[in-house]
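[1] this one's sequence-less:
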């Protein structure tokens, strides 16, 4: 009986340690210095209703996104979710207007095509296609027919079990085996 109590106490501590890192895993914006030789676009979004997630996909161009791709977000609480060479997304508290900078790894501005997707909860509320020339000139179309309309799962990181969750599953399996052996005696 004493061993069982110690095991339950150990299990409670293990659960507590598993929950703490998960709470700290919220995305944060990297405010580090810009590495030389990159360029950026000042971007803002309003007039699309409330939203809490924005995703951008690089469709064409000779550059890729610099990491972090999204910086200088105007509202607190917003941070990166995905930060890849051709796909980036960021999220935060619901807003109706927001501005940020989108960074590219090239040494000087080039012509690029971008697709944007804006979400409110799990609902895609707006999408746009942009053509940006090397001088910063912009032509765009909102909700283009046949435009990029990703699901929320396409623009958020996959859920991967944390090491703590795997440890907890293993401990649960050991506990079940222990209880079965004790009952068999």
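    On my side now, so go ahead. These figures come from a predicted structure and were not determined experimentally. Residues are numbered from 1 along each chain as shown.

[2] what residues does the spatially most central residue of the chain make contact with?
    With distances taken as Cα atoms, centre = their mean, residue 81 lies nearest the centre of the chain, 1.2 Å away. For residue 81, the residues meeting the contact criterion (Cβ atoms under 8 Å, 6 or more residues apart in numbering) are 27, 53, 89-91, 155-157. For glycine as for every other residue, the C-beta is placed from the backbone atoms N, C-alpha and C.

[3] ok, so of these, who is nearest residue 169?
    Of all the contacts of residue 81, residue 169 sits closest to residue 157, with 20.9 Å by Cβ to Cβ.

[4] tell me how far the closest one lies from residue 54.
    15 Å (Cβ to Cβ, to the nearest Å).

[5] in terms of pLDDT, where does residue 35 sit?
    pLDDT recorded at residue 35 is 51.

[6] should've said residue 27
    25.

[7] residue 106 too?
    For residue 106, the predicted pLDDT is 79.

[8] which residues touch the nearest residue to it once chain neighbours are set aside?
    Sequence neighbours aside, residue 63 is the residue nearest to residue 106 in space, at 3.7 Å (criterion: Cβ to Cβ, 6 or more residues apart in numbering). Counting by Cβ under 8 Å, 6+ apart, residue 63 touches 39, 104-106, 110, 112.

[9] and those, which are buried?
    Listed as buried from the contacts of residue 63 are 39, 104, 106, 112; burial here means 16 or more other Cβ atoms under 10 Å.

[10] now distance to residue 75 and secondary structure too, for those, in CSV please.
    What follows is the buried ones among the contacts of residue 63, written out as CSV (distance: Cβ to Cβ, whole Å; DSSP: H, G, I helix; E, B strand; the rest coil):
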residue, distance to residue 75, secondary structure
39, 24, strand
104, 23, strand
106, 28, coil
112, 25, strand
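
[11] and of these, the nearest to residue 185?
    Looking across the buried ones among the contacts of residue 63 and measuring by Cβ to Cβ, the closest to residue 185 is residue 104, at 67.5 Å.

[12] residues in contact with the closest one?
    Per Cβ under 8 Å, 6+ apart, neighbours of residue 104: 38-41, 61, 63-66, 110, 112.

[13] what of residue 75?
    So residue 75 contacts 92-93, 95, 98 (Cβ under 8 Å, 6+ apart).

[14] let's see that with 10 Å instead.
    By Cβ atoms under 10 Å, 6 or more residues apart in numbering, the contact list for residue 75 reads 92-93, 95, 97-100.
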